[in-house]
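A.B. asks: Next input, structure requested:
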Amino acid sequence: MADSTDKLLRDYFSGRLKLMTEIDPKHKQEIADITFCLSVIQPEHSQVIKRYYSDKFITWDEVVSEAGKSNSSLRKWRNDFKTLLNIILQHGDEFLKLRQEALQV
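C.D. replies: Just a heads-up that it's a prediction; the model follows:
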């Protein structure tokens, strides 16, 4: 079953999230957070995430088949990415503050 993170990622890859920034500016930060998370994971993992969420008609089994990896490995990649993203979405400002404090020491 899809959760709110899945919906957010679908909106990001479809371009809908960018359009939503005109209504609510908070979406700009979500775009930045997703872009950041995609940039810090391994490229192979990023490709799987992009492939799955950019095409609403593709099934997870098709992504697994295309990647040539095990279902459990790809699920772990996706779950780890969603965990990272949720941490950044919920605590990103705190990380920036801690980083700034560390740089001042």
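
A.B. asks: Could you list the low-confidence segments of this protein?
C.D. replies: For the chain, the stretches with pLDDT under 70 are 1-2, 99, 105.

A.B. asks: okay, which residue is most central for it?
C.D. replies: residue 34 (4.6 Å; CA atoms, centre = their mean).

A.B. asks: pretty sure that residue is touching residue 12, no?
C.D. replies: Yes - with contact defined as CB atoms under 8 Å, residue 34 counts as touching residue 12 (5.0 Å). All C-beta atoms are positioned from the backbone trio N, CA, C, and that covers glycine.

A.B. asks: Contacts only, for residue 21.
C.D. replies: Counting by CB atoms under 8 Å, 6 or more residues apart in numbering, residue 21 touches 27, 28, 31.

A.B. asks: Show me how to select, in PyMOL, the buried members of the residues you listed.
C.D. replies: To isolate the buried members of the contacts of residue 21 in PyMOL, using 16 or more other CB atoms under 10 Å:
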select buried, resi 27+31
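
A.B. asks: Okay, and which of the contacts of residue 21 map to helices?
C.D. replies: Of the contacts of residue 21, the ones assigned to helices by DSSP state H are 27, 28, 31.

A.B. asks: In terms of helices and strands, where is the residue nearest to the centre of the chain?
C.D. replies: helix 26-40 (DSSP states H and E).

A.B. asks: Just the buried positions in the very next helix or strand once past that helix, please.
C.D. replies: Downstream of helix 26-40, the next assigned helix or strand under DSSP H and E is helix 43-54. Burial within helix 43-54, assessed by neighbour count using 16+ other CB under 10 Å, is assigned to 45, 46, 47, 48, 49, 52, 53.

A.B. asks: same check, this time on stretch 56-65
C.D. replies: 63, 64.

A.B. asks: Using CSV, write out every CA atom in that stretch.
C.D. replies: Extracted C-alpha coordinates of stretch 56-65, given in CSV (Å, rounded to 0.1, in the frame of the first residue of the first chain):
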residue,chain,number,x,y,z
LYS,A,56,3.0,5.3,-12.5
PHE,A,57,2.2,2.3,-14.8
ILE,A,58,5.3,0.3,-14.0
THR,A,59,5.1,-2.4,-11.4
TRP,A,60,7.7,-3.1,-8.8
ASP,A,61,8.2,-6.6,-10.3
GLU,A,62,9.1,-4.9,-13.6
VAL,A,63,11.7,-2.7,-12.0
VAL,A,64,13.2,-5.7,-10.3
SER,A,65,13.3,-7.6,-13.6
